[in-house]
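# The amino acid sequence is not available; the structure is as follows:
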């Protein structure tokens, strides 16, 4: 462009102009860079170089950077920033955060309405919503501040306080100043927890053990704090206690083998079941309950394993130390049965003092197979002290000594060959016991039960309480022995065996049992006979108990009291023929 006036002539031909007239338009344009308008100074290269040397560019750059940083605020969404309240109305609060426009916060987020000009913390939710507004949040800002505080606590392992709100699967929910955290059941206490509800709505100290930023998940532990404190406290307690010291505690757990006692500061001791009382107990709960406040004595300390053994019975004198002062041989004492064994019963006559009544000391005359037949645990029994062994802590007791020994007069009262009516009181492998009076019981051996049968056990023919007639065979009072016989109350039928059976005759018999030697059968008049295995065509096992057989008497030996039999072949063939005939008829019926 020149300094001269530039004339711009434009011929415009209008499409709507039917006359096709020519139009000339003129424009005047000024040059604002003209030296007549602007006073522009010119520099050559040497002059510019001299000026650059005088200027400290590094200081200028720093100053410009500082000015830039002061005037430009870097903001991002989802960020906690400070702002100033500039205006408010019935619905919203306008806050200036240094952005190109003020942000809005719903008035409902404020518990107390802020004053204009008040600086507050806000959370930048979004730069522009669908209406183009900058959206801020006061509630989210409060949450972010709490979350940042918990993040720092997790990083620094700082102890925080919280309130347990409710139970959920696997643990509890804890309120950490408005933010919920999870407390696993195993992290509630250093000891096993049985009553979770007792922790509800209580404030405790916790330690954050897991902090998940992405899922906004927090896991806390109370046990971690207690364990740390417990280690310190345990050392202090173990340094301050000694064996034999008496200390107060609380029963916190009961097991089959004892009870755990809380001694405070996270220190527990074991009170073993054998150290609870000098007496006998079946379970610690017989003497203790959870929550009981008790005094215990320290009986052992294991510093390396941090274990304490406690006792309560050691708080009192061992009753065996003064046993001779309280009891003498021959004293009548009452006690409670605390244990029953096959050889006798243990009776507690004082707490911590037990005596044994041996099964032989129950009765002068009765045969008792097991103490449980006449006694049970808990029964109260009167006894007499037979002996005291203080060194071995043993007392022998007796029950039968409470009455006179009937055996003293038994020889004069019961004569040999006299017959008495009695009742079977018990049956053993070798025979039966028969009670012939309230005080006296005699024994009948198996071989004295029957003239004609060889009994392996009396159970085959008798049962308890059966009434029988017996004869006195022998009486030895010094040995407390009264021998009786049942078969002796009748004549021996073997003396007249020929009146009952003849050789080579046929008889009927019932199978009693079989053995390798043959089959034993019961004949008429309660005689026994045997079919030798050599006279049996098949196996002895083919014959079952109670099978009825037709038999031939091969031999009668009165001296050996033995009847030898054989199976009647004709009868057996007849039975086989009949069996085959019946089988044929059955098959014929089926085919029809």
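Yep, that arrived. Not measured: the values here are computed from a predicted model.

# How is this structure divided into domains?
Listed domain ranges for the chain are 157-226, 241-315, 319-402, 406-489, 499-577 (source: automatic domain parsing).

# Distance from the chain centre to the shortest one, please.
Centroid separation between domain 157-226 and its chain, computed with C-alpha atoms, centre = their mean, to the nearest Å, is 25 Å.

# So for that domain, mean pLDDT?
For domain 157-226, the per-residue pLDDT values average out at 88.

# next one: stretch 498-516
Model confidence over stretch 498-516, given as mean pLDDT, is 88.

# which outside residues touch it?
493, 519-525, 527-529, 533, 540-541, 543-556, 563, 565, 568, 571 (C-beta atoms under 8 Å, 6 or more residues apart in numbering). The C-beta positions use only the backbone N, C-alpha and C, and glycine is treated the same way.

# Which among these count as buried?
Under a neighbour-count criterion of 16 or more other C-beta atoms under 10 Å, the subset of the contacts of stretch 498-516 counted as buried comprises 493, 519-523, 527-529, 540, 543, 549-553, 556, 563, 565, 568.

# So what does residue 402 look like in phi/psi?
With angles defined as degrees, to the nearest 10, residue 402 sits at phi -70, psi -20.

# Please apply the same query to residue 466.
Note on residue 466: its backbone torsions stand at phi -60, psi 140 [degrees, to the nearest 10].

# show me what contacts the nearest residue to it once chain neighbours are set aside?
Of all residues not flanking residue 466 in the chain, residue 424 sits nearest, at 4.8 Å (C-beta to C-beta, 6 or more residues apart in numbering). The contact partners of residue 424, taken as C-beta under 8 Å, 6+ apart, are 432-435, 462-468.

# By neighbour count, which of these wins?
Of all the contacts of residue 424, the highest neighbour tally under other C-beta atoms under 10 Å goes to residue 432, namely 30 neighbours.

# what about that residue, distance to residue 374?
With distances defined as C-beta to C-beta, to the nearest Å, the gap from residue 432 to residue 374 amounts to 19 Å.

# Give me the below-cutoff pLDDT ranges for this protein.
Under the criterion of pLDDT under 70, the regions of the chain flagged as low confidence span 1-43, 45, 51-74, 77, 228-234, 265-266, 570-592.

# Please name the bridge partners of the spatially most central residue of it.
When the chain is reduced to its mean C-alpha position, the closest residue under C-alpha atoms, centre = their mean turns out to be residue 255, at 10.1 Å. Per DSSP bridges, the residues bridged to residue 255 are residue 258.

# can you check residue 356 too?
residue 346, residue 396.

# got a list of what residue 94 touches?
Remark: with contacts taken as C-beta under 8 Å, 6+ apart, residue 94 is in contact with 85-88, 102-104.

# Now with 10 Å, please.
83-88, 101-105, 116, 134, 136 (C-beta atoms under 10 Å, 6 or more residues apart in numbering).

# Is there a quick ChimeraX command that grabs whichever of those residues are buried?
The following ChimeraX selection, which keeps only the buried ones among the contacts of residue 94, applies the criterion 16+ other C-beta under 10 Å:
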select :83,84,85,88,102,103,104,105,134,136
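
# Among the contacts of residue 94, which one lies nearest to residue 331?
Using C-beta to C-beta, residue 105 is the member of the contacts of residue 94 that sits closest to residue 331, with 94.0 Å.

# on contacts alone, who are the packing partners of the helix or strand the closest one falls within?
Element membership for residue 105 (DSSP states H and E) is strand 103-106. Secondary-structure packing of strand 103-106 (3 or more C-beta pairs under 10 Å, 6 or more residues apart in numbering; DSSP states H and E): strand 79-88, strand 92-96, strand 119-126, strand 134-137, helix 138-156.

# Name the nearest residue to residue 287, sequence neighbours excluded.
Across the structure, with C-beta to C-beta, 6+ apart as the measure, the residue nearest residue 287 apart from its sequence neighbours is residue 276 (5.3 Å).

# coming back round to it: please look at the residue nearest to the centre of the chain and residue 283 and confirm they touch.
Yes: counting by C-beta atoms under 10 Å, residue 283 is a contact partner of residue 255 at 9.4 Å.

# Need the residues touching each of those two.
Any residue near both residue 255 and residue 283 by C-beta under 10 Å, 6+ apart counts here, and that gives residue 273.

# thinking again about what came up before, which members of the contacts of residue 424 occur in strands, if any?
432-435, 467-468 (DSSP state E).

# farthest-separated two in the residues you listed?
Spatially, the most separated pair among the ones in strands among the contacts of residue 424 is 433 and 467, at 13.9 Å (C-beta to C-beta).

# what touches both of these two?
By C-beta under 10 Å, 6+ apart, the residues touching both residue 433 and residue 467 are 422-424.

# can you put those in TSV and add distance to residue 455 and secondary structure?
As requested, the shared contacts of residue 433 and residue 467 are exported to TSV (distance: C-beta to C-beta, whole Å; DSSP: H, G, I helix; E, B strand; the rest coil):
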residue	distance to residue 455	secondary structure
422	18	strand
423	19	strand
424	14	strand
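
# Of the residues you listed, just say which sits nearest to residue 488.
Proximity of the shared contacts of residue 433 and residue 467 to residue 488, judged by C-beta to C-beta, is greatest for residue 422, which lies at 13.4 Å.

# Looking at the domains of the chain, which is nearest to residue 127?
domain 157-226 (23.5 Å).

# and that closest one, how far apart are its ends?
From the first residue to the last, domain 157-226 extends over 14 Å; the measure is C-alpha to C-alpha, to the nearest Å.

# With stretch 251-263 instead?
Distances were taken as C-alpha to C-alpha; on that basis the terminal residues of stretch 251-263 are 9 Å apart.

# Now find how far off-centre it is within its chain.
On the basis of C-alpha atoms, centre = their mean, stretch 251-263 sits 15 Å off its chain's mean C-alpha point.

# Now do the buried residues in that stretch.
The neighbour-count criterion (16+ other C-beta under 10 Å) identifies 251-252, 254, 258-261, 263 as the buried residues of stretch 251-263.

# Closest one to residue 450 out of those, please.
Nearest to residue 450 among those: residue 258, at 59.2 Å, using C-beta to C-beta.
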